[in-house]
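1. What shape does this take:
(chains A, B, C and D)
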There are 4 protein chains.
Amino acid sequence: MPKMKAAIFVEPGRIVLDEKPIPDIGPLDALLRITTTTICGTDIHILKGEYPVARGLTIGHEPVGIIEKLGSSVQGFREGQRVIAGAITPSGHSAACLCGCSSQDGAGTKHGWKAIGGWKFGNTIDGCQAEYVRVPDAMVNLAPVPDGLTDEQVLMCPDIMSTGFSAAERGKVRIGDTVAIFAQGPIGLCATAGAKLCGATTIITVDSLPERLAISKKLGADHVVDFKKANPVEEVMRLTDGRGVDVAIEALGTQNTFEAALRVLRPGGTLSSLGVYSSDLKIPLDAFAAGLGDHTIVTSLCPGGKERMRRLLSVVESGRVDLRPMVTHRFKLDDIEAAYDLFSHQRDGVLKVAITP
Amino acid sequence: MPKMKAAIFVEPGRIVLDEKPIPDIGPLDALLRITTTTICGTDIHILKGEYPVARGLTIGHEPVGIIEKLGSSVQGFREGQRVIAGAITPSGHSAACLCGCSSQDGAGTKHGWKAIGGWKFGNTIDGCQAEYVRVPDAMVNLAPVPDGLTDEQVLMCPDIMSTGFSAAERGKVRIGDTVAIFAQGPIGLCATAGAKLCGATTIITVDSLPERLAISKKLGADHVVDFKKANPVEEVMRLTDGRGVDVAIEALGTQNTFEAALRVLRPGGTLSSLGVYSSDLKIPLDAFAAGLGDHTIVTSLCPGGKERMRRLLSVVESGRVDLRPMVTHRFKLDDIEAAYDLFSHQRDGVLKVAITP
Amino acid sequence: MPKMKAAIFVEPGRIVLDEKPIPDIGPLDALLRITTTTICGTDIHILKGEYPVARGLTIGHEPVGIIEKLGSSVQGFREGQRVIAGAITPSGHSAACLCGCSSQDGAGTKHGWKAIGGWKFGNTIDGCQAEYVRVPDAMVNLAPVPDGLTDEQVLMCPDIMSTGFSAAERGKVRIGDTVAIFAQGPIGLCATAGAKLCGATTIITVDSLPERLAISKKLGADHVVDFKKANPVEEVMRLTDGRGVDVAIEALGTQNTFEAALRVLRPGGTLSSLGVYSSDLKIPLDAFAAGLGDHTIVTSLCPGGKERMRRLLSVVESGRVDLRPMVTHRFKLDDIEAAYDLFSHQRDGVLKVAITP
Amino acid sequence: MPKMKAAIFVEPGRIVLDEKPIPDIGPLDALLRITTTTICGTDIHILKGEYPVARGLTIGHEPVGIIEKLGSSVQGFREGQRVIAGAITPSGHSAACLCGCSSQDGAGTKHGWKAIGGWKFGNTIDGCQAEYVRVPDAMVNLAPVPDGLTDEQVLMCPDIMSTGFSAAERGKVRIGDTVAIFAQGPIGLCATAGAKLCGATTIITVDSLPERLAISKKLGADHVVDFKKANPVEEVMRLTDGRGVDVAIEALGTQNTFEAALRVLRPGGTLSSLGVYSSDLKIPLDAFAAGLGDHTIVTSLCPGGKERMRRLLSVVESGRVDLRPMVTHRFKLDDIEAAYDLFSHQRDGVLKVAITP
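-> The predicted structure is shown next:
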């Protein structure tokens, strides 16, 4: 059985590069030969044991690659095609999928709904920090990459671009909106780009790292707030002349940012939450108008599927958004442990790393 | 200056019937002679000092009456017409109103948004537990009552019917939905009727008072759960065969009901909250899928305005919903203190009282 | 190769019962043994040669049956289960499906969109007026029938109930709406039930057959208009006191009904069209406010997929809507030619026929 | 009674500058001293007698000016403020306004709906091609202009920017959409900018004038089609590789452009129509999939009100869209007849003219 290299979760604290058999595929699957992938903040949660996955699992959910082999029932693709697949790989046939909520895909469950069920790569099945990955339900999930786009240009589509944009979309950002975005890591930066793309005309972003705030401005922020220099809630209220924002986006996953997002909302506003939280959240009574403020809170898991990917690829191809500045470091797959070390410690101004097998 | 009787907030613990001048009106106002009104749960919060209002204020926000006098700029109505006005009386010209969120009407504020600002009667201006009430922005707020409907038939339109229905509307209940409603007081019962009216086909309601559960069934509940006899979260999950609900409605204003509503939601579901909370809320991490469940939480304040009232009156007129069983007791305005006593202690199976000057 | 009986399109004017091989199935398919099916108005278009299908095709797209056999890749169902499938059988993996518009499923096409592409049974693949039918993409399309419901109770779910309800859903009928529905054949009657289910409080229906108007009233019409006795546009305007309707539903497919629907709309209203038209349509300038009336016109093809079917089955199971009065005649499959004769000539007050192999 | 100059409709073919009394104002009105205004395509329809208005009416509906005087009931503004008002001036209190459809404002009518009723300036009341204009319902309609913006920068907000953007908004253009826009006059150009602002990533525009196509590219067009050089339907299909577009915008008001817009739609797509038509429209059966294509057709009248204006002003202020290149000519009010002559004959590459009293 031919072997390949793969980044494997061994135990909390240890993701190592090891050998594994190249995956077999079933009739609906595709086998991708990975050409570029990356590491996500979620992978660091896995590394630290904060998000549990099975020992021995291959990590990674952001694949760019070449179709090596197609399952016997797969139509509409050909071997040798360059494609991406989303971090979320819905089945297309669960109740969740048929309700337009495919990130909560419950294929195989009694009712077809499963929380976070659409996230399979590097979570419930082997992922793509490897030389090869099996893509389930290939007809739902493979999206051809337009000629002329490099791997790095499309590397953000599978996860952070899809996730970040969804904050603006689920928050229903529209022409003329004022939007605040708390945290400008990779996801938050994409949320900034997404808010601009949806027509927001006043975008206020909050972080403390100067290089992130600089990219934030490039991607659409009209004002940036350094939370180490000023109270971000006060700053947002000052910048909006006391009005507050139409939509506040939480892009970190902490009580602080969640609460700040709620506190800057105008009545009737929407808190669009992207963060992965690690403890219970508190909704302060005063910031919530005792439940009478016509507030909306929405959470979003990264949308997936080939049509989503096609749309994001068209954003890249059109030049509307250029996320290349976010790839700050490059590693060979052989050096992925060093990449994890750099990325998990947020050294050297790292935003995203490109990993090439 | 002619006088009238009015129920006045004196201090926490004391709402008394007293005399006051009949209100003057401005060019955009109307003066209503109240023919029937009622007491709301919110009035009890005021009585207890839990919701602060100015001393000396006339309480009450659910008016049915006759137009006694119209302001000089008011067109489209005539004196002697029988009308209702909503509990919420938007100005029609604030930014909030122009955004379709008139319950947060901020007329007179810098940006036109004010949390709970649309609620004026018995909150920021004199209310309608009196012989007369001044209705501000009459052209926005007066809705003629169709002939053939009694005062009691339309008495729920200004507040609890508008509020209860909004839970289903804001929760986007649609044909074939499964909905759970926590608490079956007046608001919760109206939410039940609203969920049915929006097409929910499995409605599960939770309360403990047999008479409320009985009315709940009449208004649309397919299953009722007595929370004193069974754990309501477990019961809802059992009744839905482990699936959970599409929309969960909170109609009480406590951590318990809020949390239960969240725990019975399927992934991607919506928690539609009506309750007036009196302390911070906790969102349990597990019930929230760590922020990755594509959940939505919406809160709603009673929608107002004459078009809203017209629609609710048409619901009554069409016979689609009959809320008359909810009027369990009747009092003269002269006896309103007794009515407060009965209602605040929830004695004698009281749901709503009709007060007639 | 075992044989079965099937109703086959031979040429315009001739659909005959003949023998055919029982279908083979592929890995994603299911074979259903039909227990009950029906004839649709669209089948009559096929019979008359107005809607072209391949000669030799088995007709019929409304199956109730038992799973006889499952494809090798199909999971989540078992042989012997009683199920329905929608008239529209989406693939689950086309761009159209992934955009929530699965009736326009373009699986197999370059971009994944194909007009009317989701309608396959009796259109582009063999249908279900037969002893057996092959259901494509079984995991997307099979919906178990709840115990306790008869075949006839669920016979309308695959097509006319789904289509009729979609008129109200796509037209965004909501609580308090006034709705007019032009034509009360099977589809129009279901639109009436759907409008009521969505909260319409004034429903005006138009037809000329007394038995249809009688059922219309049972299903939700507040007023019925016999277009042979009165001008329906004038009647709707009279019944609405000159206001017009929020949503007008066209359920026949003619210029007359389309135009009447447009003429009764209030400014800003929605014309929701279900009809299958057979010639160009004219939009009269005056009824269209010269393009400045904020009108919306939506057309809908029957929504399909197992989740849609599940919701419709729950409507039946809940008792919210009872369409059994619509089954006016019953035939054995052996007598289907007689059924076609009766149904195509609209004899004997026929609404829907139940066909049992 | 003090006099002012005003452009007055005398009879078909004649709009002349004449003297009129400066308007009186009522308690809810404001008097504006016009500093800049412009001529709209609709004014040319009036000039030609194609759109009937009363003889003697002052024309013009795009005011930039200074508050000269406020009605006695108007609060929240001060004399001397620089403001704009929308071309559409809703009352804020009609049923249409309370339904979020204020362009069809029926204030004063029985049911509160009137087709095109929100358009008052230069249509049913005196307009703003004059030294002064009375603004009705000032609290609903006046929007302060941010310091730092010139009159010309905000001159498009009252009408063409609001109208053009609404095509994209009502068409629900979203991230990754492909959009075609037929005609690139002032309104069509604004629709192009609006489509980009909503996230469209492939924008194809159609016109024949090189200078318009050049501005079209600046405002967001990815591809421009000269309909004199190629069949626009074929070109759009070629540019989209046979897929068609998600949203097609009609911005002229002819059968040709309407039909072309329909023909380039993918199944399930939306035709968003802005044009003012002058004859009945035909919907070709084939382009409409016989009514089964899940198509949507929406028409839009310019949205108005101060909150709409505030949002558009924020678009200008943010620099997201710069419409200054559209002001191609400048005239004194004294020379407005020459301006009409130039504009009505579309001479000298004119797009919009700025008129200053």
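2. what secondary structure does the residue in the stretch 251-357 of chain A that chain D sits nearest to sit in?
-> Nearest residue of the stretch 251-357 of chain A to chain D, counting by C-beta to the nearest C-beta: A:Arg311, 2.7 Å away. For glycine as for every other residue, the C-beta is placed from the backbone atoms N, C-alpha and C. Following DSSP: H, G, I helix; E, B strand; the rest coil, we place A:Arg311 in the helix state.
3. again, but for A:Ala200
-> Assigned by three-state DSSP, the conformation of A:Ala200 is coil.
4. Now do the contacts for it.
-> Contacts for A:Ala200 (C-beta atoms under 8 Å, 6 or more residues apart in numbering or on different chains) come out as A:Ala168, A:Val173, A:Gly176, A:Asp177, A:Thr178, A:Val179, A:Gly220, A:Val247.
5. Give me the subset of the residues you listed lying in strands.
-> Among these, DSSP state E puts A:Thr178, A:Val179, A:Val247 in strands.
6. A:Val276 contacts A:Leu252, correct?
-> No: the criterion here is C-beta atoms under 8 Å, and A:Val276 misses it with A:Leu252 at 9.0 Å.
7. In terms of packing, which of those two has more residues around it?
-> Neighbour count, other C-beta atoms under 10 Å in any protein chain shown: between A:Val276 and A:Leu252, A:Leu252 has more, with 23 against 20.
8. Give me the distance between the more buried one and chain B.
-> Shown here: A:Leu252 relative to chain B, a distance of 10 Å by C-beta to the nearest C-beta, to the nearest Å.
9. My read is that that residue contacts A:Gly185, right?
-> Yes: with contact defined as C-beta under 8 Å, A:Leu252 counts as touching A:Gly185 (7.1 Å).
10. dump the residue contacts of the residue of the stretch 51-200 of chain A found nearest chain D.
-> The stretch 51-200 of chain A approaches chain D most closely through A:Gly176 (2.7 Å), counting by C-beta to the nearest C-beta. By C-beta under 8 Å, 6+ apart, A:Gly176 lies in contact with A:Gly199, A:Ala200, A:Thr201, D:Arg310, D:Arg311, D:Leu312, D:Ser314, D:Val315.
11. Now the contacts of A:Ala200 in a markdown table, please, with extra columns for pLDDT.
-> Shown next, in a markdown table, are the contacts of A:Ala200 (pLDDT from 0 to 100):
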| residue | pLDDT |
| --- | --- |
| A:Ala168 | 98 |
| A:Val173 | 98 |
| A:Gly176 | 98 |
| A:Asp177 | 98 |
| A:Thr178 | 98 |
| A:Val179 | 98 |
| A:Gly220 | 97 |
| A:Val247 | 98 |
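12. At which residues are the strands of the stretch 251-357 of chain A located?
-> Here the stretch 251-357 of chain A has its strands, by DSSP state E, counting those that start in this stretch, at A:265-273, A:281-283, A:296-299, A:327-332, A:352-356.
13. go on, the stretch 1-150 of chain A?
-> Under DSSP E, counting those that start in this stretch, the stretch 1-150 of chain A gives strands at A:3-11, A:14-21, A:30-36, A:64-70, A:82-85, A:132-135, A:142-144.
14. Run through who's touching the shortest one.
-> Put plainly, it is strand A:142-144. The contact list for strand A:142-144, computed with C-beta under 8 Å, 6+ apart, reads A:30, A:67, A:77, A:81-86, A:135, A:157, A:306-307, A:309-310, A:313.
15. Same question for that strand: list its buried residues.
-> By neighbour count with 16 or more other C-beta atoms under 10 Å in any protein chain shown, strand A:142-144 contains the buried residues A:Leu142, A:Ala143, A:Pro144.
16. right, and A:Ala261 touches A:Ala251 too?
-> No: contact criterion C-beta under 8 Å: A:Ala261 and A:Ala251 do not qualify, at 9.2 Å.
17. neighbour count winner among these two?
-> In this view A:Ala261 and A:Ala251 are compared by other C-beta under 10 Å, and A:Ala261 has more residues nearby, 32 against 28.
18. The closest residue to that one other than its chain neighbours pairs with what?
-> Nearest non-adjacent residue to A:Ala261, counting by C-beta to C-beta, 6 or more residues apart in numbering or on different chains: A:Ala248, 3.8 Å away. Beta-bridge partners recorded for A:Ala248 (DSSP bridges): A:Ala180, A:Leu271.
19. ok, now how distant is A:Ala248 from C:Glu259?
-> 48 Å (C-beta to C-beta, to the nearest Å).
20. And A:Gly242, how far from B:Lys114?
-> 11 Å.
21. who's more crowded, those two?
-> Taking other C-beta under 10 Å, A:Gly242 and B:Lys114 do not tie; B:Lys114 has more neighbours (20 against 12).
22. isn't that one right next to B:Ser103, touching?
-> No: look at B:Lys114 against B:Ser103 with C-beta under 8 Å: they stay out of range, at 10.1 Å.
23. Return every residue with contacts to both of those two.
-> Taking C-beta under 8 Å, 6+ apart as the criterion, B:Lys114 and B:Ser103 both touch B:Ala96.
24. what about the nearest residue to A:Leu47 once chain neighbours are set aside, neighbour count?
-> Nearest non-adjacent residue to A:Leu47, counting by C-beta to C-beta, 6+ apart: A:Ile15, 5.2 Å away. Neighbour count for A:Ile15, taken as other C-beta under 10 Å: 25.
25. now do A:Arg347
-> 10.
26. any idea how far it lies from D:Ala287?
-> 59 Å.
27. likewise A:Gly188?
-> 44 Å.
28. between those two, who's got more neighbours?
-> The neighbour comparison of A:Gly188 against D:Ala287 (other C-beta under 10 Å) goes to A:Gly188, with 27 against 20.
29. got the contact list for the nearest residue in space to A:Gln129 that is not next to it in sequence?
-> Take A:Gln129 and drop its neighbours on the chain: the residue closest to it by C-beta to C-beta, 6+ apart is A:Gly60, 3.2 Å away. By C-beta under 8 Å, 6+ apart, A:Gly60 lies in contact with A:7, A:37-40, A:43, A:121-122, A:127-130, A:133.
30. cool, and A:Gly112?
-> A:Ser94, A:Ala95, A:Ala96, A:Cys97, A:Leu98, A:Gly106, C:Glu307.
31. The residue in the stretch 251-357 of chain A that chain C sits nearest to: neighbouring residues, count only.
-> Nearest to chain C in the stretch 251-357 of chain A, going by C-beta to the nearest C-beta, is A:Glu307, at a distance of 3.8 Å. Residues contacting A:Glu307 under the criterion other C-beta under 10 Å number 22.
32. That one reaches C:Gly92, doesn't it?
-> No: using C-beta under 8 Å, A:Glu307 makes no contact with C:Gly92, being 12.0 Å away.
33. ok so, going back, shared neighbours of A:Ala261 and A:Ala251, anything?
-> Counting by C-beta under 8 Å, 6+ apart, the residues touching both A:Ala261 and A:Ala251 are A:Phe182.
34. circling back to that earlier point, out of the contacts of strand A:142-144, who's the most crowded?
-> A:Gly86 (32 neighbours).
35. do you know how far the closest residue to that one other than its chain neighbours is from C:Lys110?
-> Spatial nearest neighbour of A:Gly86, chain neighbours left out: A:Gly304 (3.1 Å); criterion: C-beta to C-beta, 6+ apart. Using C-beta to C-beta, A:Gly304 is found at 22 Å from C:Lys110.
36. ok, these two, which is more surrounded?
-> A count of neighbours by other C-beta under 10 Å puts A:Gly304 above the other of A:Gly304 and C:Lys110, at 29 against 12.
37. Now do the helices for chain A: every range, in order, please.
-> Taking DSSP state H to define them, one finds helices in chain A at A:41-47, A:95-98, A:138-141, A:151-154, A:162-170, A:186-197, A:210-219, A:232-239, A:255-263, A:306-318, A:336-344.
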